[in-house]
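Peer 1: Sequence and predicted model, in that order:
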Amino acid sequence: MMNLRKLTIAAAGTALVLGATACGTQGTTNGSPQQAPAQTAAPAADGDSSADAYGNGAATGTEAAAGTASGPLAVRDDAKLGPLVADAAGFTLYRFDKDTADPSSSACAGDCAKAWPPVPASATKLGGVGAAETGSVKRADGTEQLTIAGWPVYRFAKDTAPGQTNGQGVGGTWFAVTPDGKKAGVREAAEPLPALSLTDDAKLGKIIRDAKGRTLYRFTKDTAWPMKSNCEGACLEKWRPAKLVDLDDVDGIDPKKLITYTRSDGTKQLTIDCWPLYWFTGDKTPGDTNGHGVGGTWFAVTATGKPAK
């Protein structure tokens, strides 16, 4: 009997707090927490405008009676969707968002199961999918359905030839399944970065980045006591003041070193060890350090507030 994999999901929240130190005569406060990026939505399947959420509407005759070939599962690298699981005959297998993986449960029965025939556990062998990922769930009619990472899997009646993926995105709930049970072709929301954290740069060592992965810098023409920014006017076109952060959402940096600086225009800027922090518009992708060493006055910053070397 194949083992059923249990999945759990955890979530955590954060709270706002205030800093408790001073540089010169500046006060302290902090900003709003960052939000996690949303998951990218999958496109609707081609040719399903007449179908309901189950893909019904055009699946009749031989399509409605589509079954699953017996034999080993295969993993196919689809040109658009990436790795996905197929049955022994090369037909794409799918998962349904209204099902559950922990515990495994199928919400597709009746007309739904005609459009999306459940894959019988007894008709399949592991093939390209690991034993730890596969299992089975008993359906209401007593049959055993194959699961991958706990998710029940199905064929789509309107896939009439091997390699087709007509079921992808149907109703916004049906997706080709990957070998580890995820949705093929759907970019999962990345684990959000803390509001402020350290990244280990190959050349500069551990330097500070913000929640967007941008390197933060300090300017040697600024002063820490009294705390003052000398980046004004045209300077601000390239060097943008770092915004305040949730001090409970900081990793690898002492929150007591993070102080608020009130700029000449009244806006608030984040500082570390009383040095104003900036990000560089010349950094185009997360992790870039193009601002380091510019003019001999701009430098990426370490957790202590010192310039990186």
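Peer 2: Yep, it's here.
Peer 1: quick one: least confident helix or strand in this protein?
Peer 2: Ranked by mean pLDDT, DSSP states H and E, the helix or strand of the chain with the weakest confidence is strand 124-125, at a mean of 70.
Peer 1: following that strand, which helix or strand comes up?
Peer 2: strand 134-138 (DSSP states H and E).
Peer 1: Pull out the buried positions in that next one.
Peer 2: Thr134, Gly135, Ser136, Val137 (16 or more other CB atoms under 10 Å). Glycine gets a C-beta too; all of them are placed from N, C-alpha and C.
Peer 1: Against Val250, how distant is Ala211?
Peer 2: 10 Å (CB to CB, to the nearest Å).
Peer 1: quick one: buried residues of stretch 83-103?
Peer 2: Applying 16+ other CB under 10 Å to stretch 83-103 flags 83-88, 91-96, 99-101 as buried.
Peer 1: what does stretch 236-246 give?
Peer 2: Buried, per 16+ other CB under 10 Å, within stretch 236-246: Trp239, Pro241, Ala242, Lys243, Leu244, Val245, Asp246.
Peer 1: Please state the offset of the helix or strand that contains Ile259 from the chain centre?
Peer 2: For Ile259, the host element (DSSP H and E) is strand 258-262. Relative to its chain's centre, strand 258-262 lies at 31 Å (CA atoms, centre = their mean, to the nearest Å).
Peer 1: Equivalent analysis for stretch 268-275, please.
Peer 2: Distance of stretch 268-275 from the chain centroid (CA atoms, centre = their mean) equals 30 Å.
Peer 1: Touching that stretch from outside, list them.
Peer 2: With contact meaning CB atoms under 8 Å, 6 or more residues apart in numbering, stretch 268-275 is reached by 23-24, 29, 31, 196, 208, 218, 222, 224-225, 227, 229, 241-245, 253, 257-263, 276-277, 301, 304-306.
Peer 1: re earlier: from the buried residues of stretch 236-246, which ones fall inside strands?
Peer 2: Among the buried residues of stretch 236-246, the ones falling in strands (DSSP state E) are Trp239, Pro241.
Peer 1: Take the buried residues of stretch 236-246 and lay them out in TSV including pLDDT and distance to Gln164.
Peer 2: Formatted as TSV, those follow (pLDDT from 0 to 100; distance: CB to CB, whole Å):
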residue	pLDDT	distance to Gln164
Trp239	98	52
Pro241	98	53
Ala242	98	50
Lys243	97	48
Leu244	97	52
Val245	97	48
Asp246	96	47
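Peer 1: Please identify the one among the buried residues of stretch 236-246 that lies nearest to Lys183.
Peer 2: Distance to Lys183, by CB to CB, is smallest for Asp246 among these, at 30.8 Å.
Peer 1: Quick check: phi and psi at that closest one.
Peer 2: Asp246 has phi and psi values of phi -70, psi 120 when expressed as degrees, to the nearest 10.
Peer 1: Which single one of the buried residues of strand 134-138 is nearest to Ala121?
Peer 2: For the buried residues of strand 134-138, the nearest to Ala121 is Ser136 (3.7 Å; CB to CB).
Peer 1: what about the nearest residue to the closest one once chain neighbours are set aside, how many neighbours?
Peer 2: Nearest non-adjacent residue to Ser136, counting by CB to CB, 6 or more residues apart in numbering: Ala121, 3.7 Å away. Using other CB atoms under 10 Å, Ala121 has 20 neighbouring residues.
Peer 1: Lys80: neighbouring residues, count only.
Peer 2: 10.
Peer 1: Where does the nearest residue to it once chain neighbours are set aside sit, in terms of helix or strand?
Peer 2: Once flanking residues are discounted, Lys80 sits nearest to Gly185: 6.4 Å by CB to CB, 6+ apart. Assigned by DSSP H and E, Gly185 belongs to no helix or strand.
Peer 1: now the strands: where do they sit in the stretch 51-200 of the chain?
Peer 2: Using DSSP state E, counting those that start in this stretch, the strands found in the stretch 51-200 of the chain span residues 71-72, 74-78, 82-86, 94-96, 100-101, 104-105, 124-125, 134-138, 144-148, 151-152, 174-176, 196-201.
Peer 1: Report the distance from the first one to the chain centre.
Peer 2: Think strand 71-72. Distance, stretch centre to chain centre, for strand 71-72: 33 Å (CA atoms, centre = their mean).
Peer 1: Now do the shared contacts for Ala211 and Val250.
Peer 2: Pro194, Ala195, Leu196.
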